[in-house]
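1. just the structure for this:
(chains A and B)
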Amino acid sequence: MLDASKVKIAEDFSKMISNKKIGVFLFLSIALSIFCGECIAAGSEKSGVMETVLKWFPLIFTGFLLNLLVSVASMTIGTIAGVFLGITQMSQIWAFKKIARLLTQFFRNSPWLVLVFYTILVIPFEIKLFHYVVPFPSWIKATIGLSLPVMANMSEIVRGGVQSVPIGQWESAESLAFSRFKTMWLIIIPQCFKRMIPPWMNLYAILTTASPLISLVGINDALTLTRAALEAEGGRIDLLLPMYASLLIMFFIYCYPIAVWTVRLEKRYAEKI
Amino acid sequence: MISYEPFISLRDVHKSFDDVEVLKGISMDVAKGEAVCVIGPSGSGKSTLLRCINALVPITSGSIKVKSIEVNDPKLNKIELRKTVGMVFQQYNLFPHKTALQNIMMAPIQVLGQNKEEVQERAYKLMAKVRLEGKEHFYPGQLSGGQQQRVAIARSLAMMPEAMLFDEVTGALDPETKKEVLLTIQELAEEGMTCIVVSHEMGFAREVSNCVYFTDHGVIVEFGPPDEFFKNPKDPRTKEFLSQIL
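-> Numbers count the residues shown, from 1 in each chain, chains lettered A, B, ... in the order given. I've put the predicted structure just below:
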């Protein structure tokens, strides 16, 4: 099953590359930025643009891996917290319901960057537990910051999914003496699970593209390293576009297959319903 | 077969949804082993009545007694009540992610904590009882409406209830598949299962039930044994309803 889906991703990816429109677009954008760079560089005796971009690529790529680590980690935290928050939104206990709704709305309507700044400032850089000192590096704090809006959006995905299950399912479960808790976990969630996957993947793609926000709090992610590389090259104007273009392409190559796969899943589930 | 101690007893039951009073003082007695049909125009409160009996909706005032359980009690043991009274719905409401057999086995195992092997054996027997041998591992989506409804009946029976409530169970079925479902209910009634059937099936009401109740606008207009009820309806509203439907 897993292997099959991996094969599918690979197929999607090769299709994406072979897709004419996108291939042409990618090629043109790279060519244009390099051409611009080479034109500007032509008059001077500096090293070629392409050469410089490739020289820095391994370093920037390690930063990109940090972006992925942060996005995967905050997605994991946000998803788990969001499922519980989403279910609490439908609690029969008035206070729980209100608090869950408030938290969801608050974090859903807050700018992600501000939330990242906030957690960086609020969480101390180390915590003393008895005699041990647990360090809290910035990237972990940023991960927590990003997981807050993910949690809130996940909460809404869960609420929407649960509410898409017909009320009759609740009634028949109740008439069979199922408790609300068991109805939710054994009957309702398994039914809406599939329907929640596409919006969840969408959320992940959005999170990944938003992950360079962490560069603003001094984390050595792909964007920070790109800027550092540009600085190290003495702020050459001819490098600006090609360097940022290579960064964009890294994200695009990672996120586009997710988008394609999401659309495919959406179509497949839409047919079944 | 019928004893005169009422098994289900309603006294002056009122139910309002916000400002709308749906049940305006319903009283009825159903003896153990009796099969009762409730007929009446749509919106007359028939479905609400059934939902009140197994506490899916709380009543506004009055008393509903099932066996020795008072339903209109804040300390009501809902599990006890729902073990005693099973309910089947118009829209079947099978769990679509489970096979027919799993649908039947789920509540006894998950709610009552019964032994899996015993429950499975009972589930196979129930599938045979509703004439669906061989369909045990089909998902609800692979079954016809009538077949799904019979699985739903088997699912309720798996809790070994002493009474069954049927809420327009043939309402969504075509005439062909209706028959199979009605036959299953008829067999249950003949075996002595206490049944309350809300239905538009007059033939079924006449042949199977011990007593027919006609409700309109939240009250019981008239009731009596089916022969009497269909031949000599007394209230003009009953007459009008029967003339429209027969």
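
2. okay, CA-based contacts and neighbour counts for the rest of this
-> Noted.

3. which parts of chain B sit against chain A?
-> Within reach of chain A by CA under 8 Å from any CA of the partner chain, chain B has these residues: B:54, B:56, B:78-79, B:82-83, B:86-89, B:91, B:93-97, B:107, B:110-111, B:156, B:159.

4. sec struct for B:Lys234, please.
-> Here B:Lys234 is recorded as coil under DSSP: H, G, I helix; E, B strand; the rest coil.

5. and the residue nearest to A:Ile144 when sequence neighbours are not counted, helix, strand or coil?
-> Ranked by CA to CA, 6 or more residues apart in numbering or on different chains and with sequence neighbours excluded, the top spatial neighbour of A:Ile144 is A:Ser74, at 6.2 Å. Following three-state DSSP, the label given to A:Ser74 is helix.

6. right, and A:Ser74 touches A:Ile140 too?
-> No - in this structure, A:Ser74 is not within contact of A:Ile140 by CA atoms under 8 Å, at 9.0 Å.

7. who has more neighbours out of these two?
-> A:Ser74 (27 against 18; other CA atoms under 10 Å in any protein chain shown).

8. for the residue nearest to B:Asp216 when sequence neighbours are not counted, give me its contacts.
-> Leaving aside its sequence neighbours, B:Asp216 sits nearest to B:Ser44 (CA to CA, 6+ apart; 4.7 Å). Contacts for B:Ser44 (CA atoms under 8 Å, 6 or more residues apart in numbering or on different chains) come out as B:Val22, B:Thr215, B:Asp216, B:His217, B:Gly218, B:Val219.

9. quick one: contacts for the fifth one?
-> Right, B:Gly218. By CA under 8 Å, 6+ apart, the contact list for B:Gly218 reads B:Glu21, B:Val22, B:Leu23, B:Lys24, B:Gly25, B:Ile26, B:Ser44, B:Gly45.

10. need the pLDDT of residue 237.
-> You didn't say which chain, so I picked chain A. You'll see A:Ile237 listed with a pLDDT of 85.

11. ah, no, chain B please
-> In this prediction B:Arg237 is given a pLDDT of 90.

12. residues near it, how many?
-> Close neighbours of B:Arg237, defined as other CA under 10 Å, add up to 16.

13. okay, and it sits in which element?
-> helix B:236-245 (DSSP states H and E).

14. all strands for the stretch 1-150 of chain A, in order.
-> With strands called from DSSP state E, counting those that start in this stretch, the stretch 1-150 of chain A shows them at A:126-129, A:132-135.

15. start to end distance for stretch A:162-173?
-> The straight-line separation of the ends of stretch A:162-173 (CA to CA, to the nearest Å) is 14 Å.

16. got the phi and psi for the closest residue to chain A within chain B?
-> In chain B, no residue comes nearer to chain A than B:Ile79, which is 5.1 Å away by CA to the nearest CA. With angles defined as degrees, to the nearest 10, B:Ile79 sits at phi -60, psi -40.

17. about what we covered before: pretty sure the residue nearest to B:Asp216 sits in a helix.
-> No - assigned with three-state DSSP, B:Ser44 falls outside any helix and is coil.

18. okay, it: pLDDT?
-> Looking at B:Ser44, its pLDDT reads 84.

19. B:Tyr139 too?
-> For B:Tyr139, pLDDT reads 95.

20. quick check: closest non-adjacent residue to it.
-> B:Thr99 (4.3 Å).

21. equivalent analysis for A:Val263, please.
-> Nearest one to A:Val263, counting by CA to CA, 6+ apart, is A:Pro198 at 7.4 Å.

22. circling back to that earlier point, of the strands of the stretch 1-150 of chain A, which approaches A:Ala177 most closely?
-> strand A:126-129 (45.6 Å; CA to CA).

23. what's the closest one packed up against?
-> strand A:132-135 (3 or more CA pairs under 8 Å, 6 or more residues apart in numbering or on different chains; DSSP states H and E).

24. tell me the contacts of B:Leu143?
-> If a contact means CA under 8 Å, 6+ apart, then B:Leu143 has no contacts.

25. thinking again about what came up before, mind listing what's buried in the helix holding B:Arg237?
-> B:Arg237, B:Thr238, B:Leu242 (16 or more other CA atoms under 10 Å in any protein chain shown).

26. where does chain B dip in pLDDT?
-> Along chain B, the model assigns pLDDT under 70 to residues B:1-4, B:246.

27. all the helices of it, residue numbers only.
-> For chain B, the helices defined by DSSP state H cover B:46-53, B:78-84, B:100-110, B:116-129, B:145-157, B:175-190, B:202-208, B:226-231, B:236-245.

28. so how far is the first one from its chain's centroid?
-> How far helix B:46-53 lies from its chain's middle: 9 Å, per CA atoms, centre = their mean, to the nearest Å.

29. let me see the contact set for the residue most central in space within chain B.
-> Closest to where the C-alpha atoms of chain B average out (CA atoms, centre = their mean) is B:Leu165, at 1.7 Å. Residues in contact with B:Leu165 (CA under 8 Å, 6+ apart) are B:Leu50, B:Val85, B:Gly86, B:Met87, B:Val88, B:Cys195, B:Ile196, B:Val197, B:Val198.

30. give me that answer again for 6 Å
-> By CA atoms under 6 Å, 6 or more residues apart in numbering or on different chains, the contact list for B:Leu165 reads B:Met87, B:Cys195, B:Ile196.

31. same check, this time on A:Val116
-> A:Ala142, A:Gly145.

32. swap in A:Ala81?
-> The contact partners of A:Ala81, by CA under 6 Å, 6+ apart, come to A:Met151.

33. for chain B, what's the nearest residue on the stretch 151-273 of chain A?
-> Taking CA to the nearest CA, the stretch 151-273 of chain A has A:Ala177 as its residue nearest chain B, at 5.1 Å.

34. quick revisit: the residue nearest to A:Ile144 against A:Ala142, yeah?
-> No - counting by CA atoms under 6 Å, A:Ser74 does not reach A:Ala142; the two are 8.7 Å apart.

35. go ahead and confirm B:Pro161 touches B:Glu80.
-> No - if you go by CA under 6 Å, B:Pro161 and B:Glu80 don't touch, sitting 10.0 Å apart.

36. neighbour count winner among those two?
-> B:Pro161 (17 against 11).

37. identify the residue nearest the more buried one in space, chain neighbours excluded?
-> Closest residue in space to B:Pro161, ignoring its immediate chain neighbours: B:Thr84 at 4.5 Å, by CA to CA, 6+ apart.

38. for A:Pro149, find the nearest of the helices of chain B.
-> Each of the helices of chain B has some distance to A:Pro149 by CA to CA; the shortest is helix B:100-110, at 35.5 Å.

39. what bridges to the nearest residue to B:Lys234 once chain neighbours are set aside?
-> Excluding its sequence neighbours, the residue lying closest to B:Lys234 (CA to CA, 6+ apart) is B:Glu222, at 7.7 Å. When bridges are called by DSSP bridges, B:Glu222 pairs up with B:Phe214.
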